[in-house]
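> pasting a predicted model and its sequence here:
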Amino acid sequence: MFSDRMRVKNSNLHQARRRLKRLKTDYAQGKLELNQVTQSIRSWIAHLEHGDTWRLRKQIFASLHFRRK
C-alpha cells in the first residue's frame, strides 16, 4: 500500500494469472460452462478494482480469449 494508491501483491497476481490460464483450459475442454468462467473473472475484477489497476486489467484481459475446441 502507498499513501496515494493500492497495489496488488505480485504473489496474488501470479496466482491469478495461473488461475485464468486454468480457467481457459478447462473451458476449452468443456469442464466449465461460460457462466462459471464469467463469475470467476468478475470476482477477480472486483478484487482488482480496490486498487489502482486499470492498466493491469487492460493488459491482462486484452489477450484473453475463451474458445471451445
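It's in. Numbers count the residues shown, from 1 in each chain.
> neighbouring contacts of the host helix or strand of Ser40?
Secondary structure assigned from DSSP states H and E places Ser40 in helix 34-48. For helix 34-48, the external contacting residues (Cβ atoms under 8 Å, 6 or more residues apart in numbering) are Val8, Ala16, Arg19, Leu20, Leu23, Tyr27, Leu56, Arg57, Phe66. Where you see a C-beta, it was placed from the backbone N, CA and C, and this is true even at glycine.
> sort out which of these are buried, if you could.
Among the contacts of helix 34-48, those classed as buried by 16 or more other Cβ atoms under 10 Å are Ala16, Leu20, Leu23, Tyr27, Phe66.
> secondary structure for those residues - can I get that in JSON lines?
Rendered in JSON lines, the data for the buried ones among the contacts of helix 34-48 read as follows (DSSP: H, G, I helix; E, B strand; the rest coil):
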{"residue": "Ala16", "secondary structure": "helix"}
{"residue": "Leu20", "secondary structure": "helix"}
{"residue": "Leu23", "secondary structure": "helix"}
{"residue": "Tyr27", "secondary structure": "helix"}
{"residue": "Phe66", "secondary structure": "coil"}
